[in-house]
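> 3D model of this:
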Amino acid sequence: MSQKRPNYFLSMLSMKCPHCRRGDMFKDKNPYHLSFKKIFNMYDRCPVCGQVYELETGFWFGTGYVSYALGVAFSVFTVICYWLFVGLSWEDDSVFWWLGVNGVLLVLLQPWMMRISRVIYLYFFVYYDEDTAEL
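Numbers count the residues shown, from 1 in each chain. Okay, here's the model as predicted:
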């Protein structure tokens, strides 16, 4: 009996292989562990299906665009939330408070955003294969 197909977005958020959606992409699941030198400590191949993660030399350069889009989307989300709950005005400098809070949040989320950018970028190019996932 075949296993249930893993959810696309949950597999992406849990940083699983796009080909089988079961194998981990990163050796350490927590991007805040150890040192920041090991943020990109990835397996060369999926431990479950053997999918190569770096498809070609320089493949990961495109993740900068994904990371930028995530940062902009996050900033738009925070400015809307700040505007709804606190209010924005140039008169009381609340715009500058939002800029400060948003900047701190972006810095704190950066290790996770760098990893999820790699995952999202790889999901653009590698598709799920049910036959490989049943191995």
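
> Ser89 and Gly103: what is the separation?
The gap separating Ser89 from Gly103 is 19 Å, by Cβ to Cβ, to the nearest Å. For every residue, glycine as well, the C-beta is placed using N, CA and C.

> how far away is the closest residue in space to Tyr53 that isn't next to it in sequence from Trp112?
Leaving aside its sequence neighbours, Tyr53 sits nearest to Met42 (Cβ to Cβ, 6 or more residues apart in numbering; 5.8 Å). Going from Met42 to Trp112 by Cβ to Cβ gives 15 Å.

> Compare those two (neighbour count), which wins?
Met42 (19 against 15; other Cβ atoms under 10 Å).

> my guess is Asp44 contacts Val52, does it?
Yes. Assessed by Cβ atoms under 8 Å, Asp44 is found in contact with Val52 at 7.0 Å.

> between those two, which one's more packed in?
Shown here are Asp44 and Val52; by other Cβ under 10 Å, Val52 has more neighbours (13 against 8).

> That one pairs with what?
Arg45 (DSSP bridges).

> Centroid-nearest residue for the chain?
Centroid-nearest residue in the chain: Ile116, 1.2 Å away (criterion: Cα atoms, centre = their mean).

> Nothing else from me, thank you.
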